[in-house]
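Chemist: what shape does this take:
(one chain, ligands or ions: 1)
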Amino acid sequence: MPELSPMLKQATPVLAARGEGVHLYDEEGRRYLDFTAGIGVTSTGHCHPAVVRAAQEQAGSLIHGQYTTVLHRPLLTLTERLGEVLPHGLDSLFYSNSGSEAVEAAVRLARHATGRQNIVVFQGSFHGRTMGAAALTTSSVKFRAGLGPLMPGVSIAPFPAAFHYGWDEQTATDFALRELDHLLATACAPADTAAFLIEPVLGEGGYVPANERFLAGLRERADRHGALLIVDEVQTGVGRTGRFWGHQHFTGDDRVLPDILISAKGLASGFPLSAIAAPRSVMEKAWPGSQGGTYGGNAVACAAAIATLDVIREEKLVDNAAEQGARLIAGLREAAAGRLEIGDVRGLGLMVASEFVDADGRPDQAAAGRVQQEAVSRGLLLLTCGPMGNVVRMIPPLVVTAEQVDEALGVWSAALDAAL
Ligand code: PMP
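Modeler: Got it, this is the predicted structure:
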């Protein structure tokens, strides 16, 4: 009998049969509190009735429209609706199916729009697994090992990861900006640089938030050198961090506007859909037909995305992410107090994590793995992340309640007791 490829690494032994809200149920009916949300995807919770209804209705009238052959209403409506939440000026949209595809689309567009090749990425970022995206990814060497030669024209600059360097945020930011200037002066000519590509919060790289001064520094350098600023909001977008877009934490009233924004994951509550948004003046520098795809902007996925935006607005899920995220991080900090094994607790909104270290302060992947497994065996689904796999993250659906946060924190404490 054929099997599932052993290339996949399974984080839990759960065989999910059904999902509802923040819960998953296995085939025996055992209930799990899902603080993974399918890696930050099920924004409105599993099988939100409004999303299910929208997808069912759409599937009954048109499943596949193929947007370079015919247009369809869900695609047009979604484009209009995204205009309500996108930063001002990003008024032109291109759709694909996954985060990696959207990252590639953004980089292709940046190269076409500027006529330049170089892309500057920041150490610890994850941008996807396709060959182009793998060349942009530095969250762990496991995503690059054995794949070379990777796409050329990618330069890596430091991210202001204060905990990693053992510095405060100011020192880490000064360092990162200084090193970026050094890179641009020594190895990556500004005149050849198409774009700076950044995650507002490092995701797979360990849930490390950037900061206002760093993003302002990138914007200033992009303007000075005629390069574009691309924000990868695949994991941080659609309300996840307690703002609609993660970068808005650092840009206040849109003072630091991205030139290209990348969205996926939470956008359609679990249906495959991704998008890039840019000003029309940027998009029109690429020629018609320069990008496309068979499935991008699928009608059922677009209908699910429209319903997702409705639910986020009606149920005030961005505010809920901020509120429950604050509760969660406070609880995690309390749980970490006095435990030397937890070196740092950080995050934004409902994107929070605890970093495990050994007695010398070095990354402790084994401890993180034990805690994750103890939590899973107690019915709380969690994932690890970070360059060394020593960070345990919590990324529940945005519909999570205070009671469910408290329940998860209770299981977390028990898992810490059992594992450490
Ligand atoms: N960018 C970021 C920031 C991500 O977190 C991810 C997925 N974890 C991707 C890109 C790639 O998305 P996908 O797996 O849908 O290709």
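Chemist: from now on I want contacts and neighbour counts done on CA atoms only, so please keep to that.
Modeler: Will do.
Chemist: can stretch 372-387 be found next to the ligand?
Modeler: No: taking Cα under 6 Å from any ligand atom as the criterion, stretch 372-387 and the ligand are apart, separated by no less than 10.1 Å.
Chemist: can you give me the end-to-end span of that stretch?
Modeler: Chord length of stretch 372-387, first to last residue, is 16 Å (Cα to Cα, to the nearest Å).
Chemist: need the contact partners of it.
Modeler: By Cα atoms under 8 Å, 6 or more residues apart in numbering, the list of residues contacting stretch 372-387 from outside reads 11-12, 31-36, 124, 139-141, 203-207, 368-369, 390-394, 408, 411-412, 414-416, 418-419.
Chemist: can you name the next helix or strand after the strand or helix carrying Leu177?
Modeler: Using DSSP states H and E, Leu177 maps to helix 169-186. Going down the chain from helix 169-186, the next helix or strand is strand 193-198, by DSSP H and E.
Chemist: while we're on the nearest residue to Thr294 once chain neighbours are set aside, how confident is the model there?
Modeler: Computed as Cα to Cα, 6 or more residues apart in numbering, the closest residue to Thr294 that is not its neighbour in sequence is Gln66, at 6.2 Å. Listed pLDDT for Gln66 reads 94.
Chemist: quick one: residues contacting Gln66.
Modeler: Thr294, Tyr295, Gly296, Gly297, Asn298 are the contacts of Gln66 under Cα under 8 Å, 6+ apart.
Chemist: secondary structure and distance to the ligand added to the residues you listed, as CSV?
Modeler: Below are these laid out as CSV (DSSP: H, G, I helix; E, B strand; the rest coil; distance: Cα to the nearest ligand atom, whole Å):
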residue, secondary structure, distance to the ligand
Thr294, coil, 16
Tyr295, coil, 14
Gly296, coil, 13
Gly297, coil, 14
Asn298, coil, 15
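Chemist: neighbours of Thr68, how many?
Modeler: Thr68 is flanked by 13 other residues according to other Cα atoms under 10 Å.
Chemist: how about the lowest-mean-pLDDT helix or strand in the chain: buried residues?
Modeler: Sorted by mean pLDDT, DSSP states H and E, the helices and strands of the chain end with helix 248-251, the least confident at a mean of 91. Across helix 248-251, burial judged by 16 or more other Cα atoms under 10 Å covers Gln248, His249, Phe250, Thr251.
Chemist: which residues does that helix contact?
Modeler: So helix 248-251 is contacted by Ala210, Asn211, Glu212, Arg213, Leu215, Ala216, Arg243, Asp254, Val256, Leu257 (Cα under 8 Å, 6+ apart).
Chemist: repeat that with 6 Å
Modeler: Asn211, Glu212 (Cα atoms under 6 Å, 6 or more residues apart in numbering).
Chemist: and stretch 268-288, how far apart are its ends?
Modeler: 26 Å.
Chemist: report the distance from the least confident helix or strand of the chain to the chain centre.
Modeler: Taking the mean of its C-alpha atoms, helix 248-251 sits 16 Å from the chain's own mean (Cα atoms, centre = their mean, to the nearest Å).
Chemist: how about stretch 311-330?
Modeler: With Cα atoms, centre = their mean as the basis, stretch 311-330 stands 17 Å off its chain's centre.
Chemist: which bits of the stretch 1-150 of the chain sit near the ligand?
Modeler: Taking Cα under 6 Å from any ligand atom as the measure of proximity, the stretch 1-150 of the chain contacts the ligand at Ser98, Gly99, Ser100, Phe126, His127, Gly128.
Chemist: can we see that at 8 Å?
Modeler: Proximity of the stretch 1-150 of the chain to the ligand (Cα under 8 Å from any ligand atom) is limited to residues 39, 97-103, 125-130, 133.
Chemist: for the ligand, what are the nearby residues on the stretch 201-350 of the chain?
Modeler: Leu202, Gly203, Glu204, Asp232, Glu233, Val234, Gln235, Thr236, Ala264, Lys265, Pro272, Ser274.
Chemist: now those as TSV including neighbour count?
Modeler: Putting these into TSV (neighbours: other Cα atoms under 10 Å) gives the following:
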residue	neighbour count
Leu202	27
Gly203	27
Glu204	25
Asp232	31
Glu233	27
Val234	32
Gln235	31
Thr236	32
Ala264	32
Lys265	27
Pro272	24
Ser274	27
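Chemist: report the two of the residues you listed separated the most.
Modeler: Leu202 and Pro272 (21.9 Å; Cα to Cα).
Chemist: hmm, back to that, got the CA positions of the least confident helix or strand of the chain in PDB?
Modeler: Taking Å, rounded to 0.1, in the frame of the first residue of the first chain, the C-alpha atoms of helix 248-251 are listed here in PDB:
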ATOM      1  CA  GLN A 248       1.500  48.400  11.500                       C
ATOM      2  CA  HIS A 249       2.800  47.900  15.000                       C
ATOM      3  CA  PHE A 250       6.000  49.600  13.900                       C
ATOM      4  CA  THR A 251       4.600  52.100  11.400                       C
END
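Chemist: what does the very next helix or strand once past that helix contact?
Modeler: Downstream of helix 248-251, the first helix or strand assigned by DSSP H and E is strand 260-263. Applying Cα under 6 Å, 6+ apart, the contact partners of strand 260-263 are Ile230, Val231, Asp232, Glu233, Val234, Ser274, Ala275, Ile276, Ala277, Ala278.
Chemist: again, only using 7 Å
Modeler: For strand 260-263, contacts defined as Cα atoms under 7 Å, 6 or more residues apart in numbering pick out 99, 102-103, 106, 229-234, 237, 274-278.
Chemist: relative to that strand, what are the paired strands and their orientations?
Modeler: Sheet pairing here is set by DSSP bridges, and for strand 260-263 it gives strand 228-232 (parallel), strand 274-278 (antiparallel).
Chemist: give me the residues contacting the last one.
Modeler: When contacts are taken as Cα under 7 Å, 6+ apart, the neighbours of strand 274-278 outside the stretch itself are 90-99, 102, 106, 259-264.
Chemist: kindly report the same for stretch 68-87.
Modeler: Under Cα under 7 Å, 6+ apart, the answer for stretch 68-87 is Gly65, Asp91, Leu93, Asp254, Gly297, Ala299, Cys302, Ala303, Ile306.
Chemist: rerun at 8 Å
Modeler: Stretch 68-87 is contacted by residues 65, 90-91, 93, 244, 254, 257, 277, 292-293, 297-300, 302-303, 305-306, 309 when judged by Cα under 8 Å, 6+ apart.
Chemist: which members of those residues occur in helices, if any?
Modeler: Judged by DSSP state H, the subset of those located in helices is Ala299, Val300, Cys302, Ala303, Ala305, Ile306, Leu309.
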